[in-house]
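>>> Have a look; sequence and predicted model below, questions after that.
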Amino acid sequence: MDTYTLSNFYKHQRTIFETLDKAKKPIEITTVKTKSNGANKGYVLMSKDVYQQLIATQDKQLRQAELDIRSYALNHNPKVPANKDEMEKWLSKD
């Protein structure tokens, strides 16, 4: 991923957007260098197509995780307390 300082981004906006359109890969724009770990704060700029693919992938993974959790829960015989005293016993076990 190419990285630009904020001032270089302003200077070369046109070229950056043309390259972004052709290459279909995101770029990083750094704004502030943090003192604690040397990492930069900033932004990632990507084409709308790449962003939509990212969102679609996240949605797909979330749906799959929900299905996996549901399947796991349904396939393991959950205990159901017979009465309130049994529930209290389970909760105070630790």
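That came through, no problem.
>>> Show me this protein divided up by domain.
Domain ranges of the chain: 1-46, 47-94, per automatic domain parsing.
>>> most tightly surrounded among those domains?
Ranked by mean neighbour count under mean count of other C-beta atoms under 10 Å, those are led by domain 1-46, which reaches a mean of 12. (Each C-beta comes from the backbone N, C-alpha and C, glycine too.)
>>> Pipe the domains of the chain into TSV and attach mean pLDDT per row.
Below are those laid out as TSV (pLDDT from 0 to 100):
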stretch	mean pLDDT
domain 1-46	85
domain 47-94	86
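>>> hmm, who's touching stretch 72-88?
Residues outside stretch 72-88 that contact it (C-beta atoms under 8 Å, 6 or more residues apart in numbering) are residue 90.
>>> how about it as PDB, C-alpha atoms only?
Provided in PDB are the C-alpha atoms of stretch 72-88 (Å, rounded to 0.1, in the frame of the first residue of the first chain):
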ATOM      1  CA  TYR A  72     -23.100 -25.300  17.800                       C
ATOM      2  CA  ALA A  73     -25.800 -24.300  20.300                       C
ATOM      3  CA  LEU A  74     -28.400 -26.600  18.800                       C
ATOM      4  CA  ASN A  75     -26.100 -29.600  18.600                       C
ATOM      5  CA  HIS A  76     -25.000 -29.400  22.200                       C
ATOM      6  CA  ASN A  77     -27.600 -30.500  24.700                       C
ATOM      7  CA  PRO A  78     -28.100 -27.400  26.900                       C
ATOM      8  CA  LYS A  79     -29.100 -27.900  30.500                       C
ATOM      9  CA  VAL A  80     -32.300 -26.500  31.700                       C
ATOM     10  CA  PRO A  81     -32.800 -26.000  35.400                       C
ATOM     11  CA  ALA A  82     -35.700 -27.900  36.900                       C
ATOM     12  CA  ASN A  83     -36.400 -25.300  39.500                       C
ATOM     13  CA  LYS A  84     -35.200 -22.000  40.900                       C
ATOM     14  CA  ASP A  85     -33.000 -23.700  43.500                       C
ATOM     15  CA  GLU A  86     -31.100 -25.600  40.900                       C
ATOM     16  CA  MET A  87     -30.500 -22.400  38.900                       C
ATOM     17  CA  GLU A  88     -29.100 -20.600  42.000                       C
END
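>>> Fine by me, we can end here.
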